[in-house]
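Chemist: with the sequence up front, the predicted model follows.
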Amino acid sequence: MPPARSSAPRAPIAPLLHESLGERVYRTVRDLILSQVLPPGSKVNVEQICRDLGVSRTPVWDTMRRLESEGLVNTVPRHGVFVLNYGADQIRDLFAARWRRSRSARPRRTSRTTRGPRSRRP
């Protein structure tokens, strides 16, 4: 005889997230910048971050490139990586704008039916 099912509503269970090492390094360094542990204008010691996080240089440098594309750090050739001089409010505004932009870039569902595969021309 199967066990009786409970009719009480269950709380939703959040799915498990499987983040890559690079994503975890990115989140950690970004949080260090946003919390101003790495203050604006300071030089980022990439080697120290590698040692502190116990990772190789590759995910840290990938993080630096990503943060540079987001406008949080600036890489100066032969001098290093520097945290840009943004205040906490400016950083929050920057991430809010990026979030809004990413939401508008998502494909939207349409109620139209999709066409079949296109025929190839010879």
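Modeler: In hand now; what should we look at?
Chemist: so what secondary structure elements neighbour the helix ranked longest in the chain?
Modeler: The longest helix of the chain (DSSP state H) is helix 88-105. Applying 3 or more C-beta pairs under 8 Å, 6 or more residues apart in numbering; DSSP states H and E, one finds that helix 88-105 makes contact with helix 21-34. For glycine as for every other residue, the C-beta is placed from the backbone atoms N, C-alpha and C.
Chemist: just give me how far the helix it packs on sits from the chain centre.
Modeler: Helix 21-34 sits 8 Å away from the centroid of its parent chain (C-alpha atoms, centre = their mean, to the nearest Å).
Chemist: for residue 74, helix, strand, or coil?
Modeler: What DSSP: H, G, I helix; E, B strand; the rest coil gives for residue 74 is strand.
Chemist: how near is the residue nearest to it when sequence neighbours are not counted to residue 33?
Modeler: In space, and not counting its chain neighbours, residue 74 is closest to residue 82: 5.3 Å by C-beta to C-beta, 6 or more residues apart in numbering. Plainly put, residue 82 is 11 Å away from residue 33 if you go by C-beta to C-beta, to the nearest Å.
Chemist: which residues do these two both contact?
Modeler: residue 73 (C-beta atoms under 8 Å, 6 or more residues apart in numbering).
Chemist: between these two, tell me which one has more neighbours.
Modeler: It is residue 33, of residue 82 and residue 33, that has more neighbours when counted by other C-beta atoms under 10 Å, with 21 against 16.
Chemist: surely that one and residue 66 touch.
Modeler: No: applying C-beta atoms under 8 Å, one finds residue 33 not in contact with residue 66, separated by 11.9 Å.
Chemist: hmm, back to that, got the contact list for the longest helix of the chain?
Modeler: 33, 34, 36, 70, 71, 72, 86.
Chemist: likewise stretch 50-63?
Modeler: Here stretch 50-63 makes contact (C-beta under 8 Å, 6+ apart) with 21, 22, 25, 26, 28, 29, 30, 46, 47, 49.
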